[in-house]
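**Q** what shape does this take:
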Amino acid sequence: MRNTDPIAFINEHRDTIFRVMGVLAVLLVLFLVIRWLAMRQGGWAAATRRVRREFAVTGAAFAAPLRAWARHRRELSLLVRGLREPATWRDAERAAAAARARLAPTGGSPYAVLVGAETVTVLLAGRDVGEAEDPWWTEPGDGPDRWTARRTELPAVVAVPDQPRPVLVAIGVAGDRCAFLDVGAGPGIVTVEGDRRAEVAQHQAIAAQLHARLPEGQVLVVDGVHPTYRGQPIRDAYRAARALPHPQGIAPVLVTAELPDPLPPELVEPSDAAPGPVILLRGAGRGLRQTLLTDRQGQLVLLGGSLVVEGNALADALIRLLPDLPPVLPPAPPARDTGPRRPAHVFVELDEEEEREEGIAVLADRGAALPPEAERDDEVAHPSVAVAATEDRRHDRRDGRAARDADRAATRAADRAGADPGAGEFAGELAGAGTAVGTSSRTTPPQPDTTDHRLDRP
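**A** Take a look at the predicted model:
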C-alpha cells in the first residue's frame, strides 16, 4: 500500500467511493430530519413515546377484527350453553323472587340478574336496600346494590299473589355470566335505543324471547316492528293489550316502534288504576321507562343502573335455541301416586260401618296404629285379630251382596213375567236361589192379574 499511488487508487475505486459517500450523506440528512421532528415533539423521549403509541395503535387496528371474531365466538358459546339449560332460567327467577321477598319491607326490588357457573348475582334498585344477609353476600369491588349467592344455596320461594312474577329476558353477557333483565319490574315502558342496526337487533331479540316464553296471546306486535309482519295500529293494539288478563300476575306485552299519541295517563305517572301492559319500545320514549342504550358493537348500558353487558351475540344465540327456551309459567307436573291405591271396589257404595271396617283393615295391613277404642265399635286386641275379624265380615258382605244382586234380578224377571209367561219359572228359580243364600229380606211384590175375562161372560 505504501508504494500505491493515491491518485491511481482513487481513479481505480472511484465508483465505490462515490457510492459510500452518497449513502453517508443520505444518512446524515435523514438524521437531521429525524432530529428536527423529535425536537418539535419535545425531545427524544417524547418522540419515542409517540412512535411507540403509533405502533401500538396500528397493531391494534390490524388485530381488532380477529379479536372481535374471537370475542363473538366466546360470547355465543357462553349464551348458547347457558340459555339452553332450564336450570339457568329457573335459578335466575328464584334469585329475583327471593331478593324481592327480602326487600319487600324496604320497598326495593331487583331489576337484573347475572347467572354464572356456580353463583348468581342480583342487581337491586332502591334507596335503602340494606346489607346482604345469609345466603347473600357482597363481592369485593361490588357496591351494596349487588347481592351474590351460590346457586345451590338459593332459598325456596313461594309465589305471592300480590307481587308480580319475574319476567326475565336475556340481554347479553357480563364477563363470564349470562345477563337477564326483569321487564316485569319497574316502569311499564322498556325502550331500546342507540345505534340503528344494534337497536333493531336487540329489540327484536327481546321481543322474540317474550313471544316464546309468555303464554299464548300475551304478546301483541304492532305494525312496523318487523318489515314482513303486518300488525295492528298502535292505538287498537294498546286497547287490546289493556283488555288482556294477567295470568298469575304476568302482564301482557305490547311490542311497538312508537307510543300511542296522546300518551295514556297511566304511562306518564304511577296510578292506582289496574296495571296495564308492558310496552317494549324501539327508539326514544316518554314517561316512566327503563332505557337500554346500545352502540354499534352491541354493548348495552341500562340508564340509571350499573348494568353493562355485551349483547352482540344475542341474536345469533337465539336463532339456535329459541324453541328450547323454558316458559315463564312451567307446565303443571303430572299427578304422582303418593300412596297405595284404593281397593278394586272403590266405587261400591258402602255404609258407614263398612267404611270404618275397611279403614281398620288397611291400617292393620300397613302395621300402623289403630284408632282409639272410643272411636271403634268392636274391641280388637291385636292387628292380626282385627285382620281375621275383618276378613270374616268381608265374606259375609260378599255373600250378602251376591244375595241382593240375585234378589234384584228375580224382581226384574218377575216384573217381566206378565208379558212373558215363560219368564215366571226363571224368576222363581232366581228367587229360590236368593232364598237359599238366606240374606235377602225383600219379597216379590204381588203381580197384577192381566188375564182378559171378557170371553167368560155369557
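**Q** with adjacent residues omitted, what lies nearest to residue 226?
**A** residue 204 (6.8 Å; Cβ to Cβ, 6 or more residues apart in numbering). Yep, even glycine has a C-beta here, placed from its N, CA and C like the rest.
**Q** that's a helix at the one you found, yeah?
**A** Yes: assigned with DSSP: H, G, I helix; E, B strand; the rest coil, residue 204 falls within a helix.
**Q** tell me how many other residues crowd it.
**A** By other Cβ atoms under 10 Å, 19 other residues sit near residue 204.
**Q** isn't it up against residue 315?
**A** Yes: Residue 204 lies in contact with residue 315 (Cβ atoms under 8 Å); the separation is 7.4 Å.
**Q** re the thing from before, list the contacts of the residue nearest to residue 226.
**A** 225, 226, 315 (Cβ atoms under 8 Å, 6 or more residues apart in numbering).
**Q** which among these gets closest to residue 71?
**A** Using Cβ to Cβ, residue 315 comes nearest to residue 71 of the contacts of residue 204, at 15.4 Å.
**Q** what does the helix or strand hosting that closest one contact?
**A** Using DSSP states H and E, residue 315 maps to helix 314-321. Under the contact criterion Cβ under 8 Å, 6+ apart, helix 314-321 has outside partners 76, 79-80, 83-84, 170-172, 201-202, 204-205, 208-209, 298.
**Q** where does the stretch 101-250 of the chain dip in pLDDT?
**A** 158-163 (pLDDT under 70).
**Q** if you set the cut-off to 80 instead, what comes out?
**A** The stretch 101-250 of the chain contains residues with pLDDT under 80 at 104-107, 126-132, 155-165, 185-187, 248-249.
**Q** what packs against the strand or helix carrying residue 122?
**A** If you go by DSSP H and E, residue 122 is part of strand 119-125. In terms of contacts (3 or more Cβ pairs under 8 Å, 6 or more residues apart in numbering; DSSP states H and E), strand 119-125 is packed against helix 86-103, strand 109-115, strand 146-150.
**Q** what angle sits between the shortest one and helix 86-103?
**A** Interaxial angle, strand 146-150 versus helix 86-103 (axes from the mean of the first three to the mean of the last three Cα atoms, to 10 degrees): 130 degrees.
**Q** quick check: angle from the helix or strand following strand 146-150 to helix 86-103?
**A** Using DSSP H and E, the helix or strand that follows strand 146-150 towards the C-terminus is strand 168-174. Inter-element angle recorded for strand 168-174 and helix 86-103: 100 degrees (by the same axes, to 10 degrees).
**Q** following element in sequence after strand 168-174, please.
**A** Taking DSSP H and E, what comes next after strand 168-174 is strand 177-182.
**Q** name the nearest residue to residue 291, sequence neighbours excluded.
**A** Nearest to residue 291 is residue 303, by Cβ to Cβ, 6+ apart, at 4.3 Å.
**Q** before we move on, the earlier item: tilt between the helix holding residue 315 and strand 177-182?
**A** Using the same axes, to 10 degrees: helix 314-321 against strand 177-182 is 90 degrees.
**Q** show me the domain layout of this protein.
**A** Domain assignment of the chain by automatic domain parsing yields the ranges 6-70, 82-324, 352-437.
**Q** most packed of the ones you listed?
**A** Of the domains of the chain, the one with the most neighbours on average (mean count of other Cβ atoms under 10 Å) is domain 82-324, at a mean of 18.
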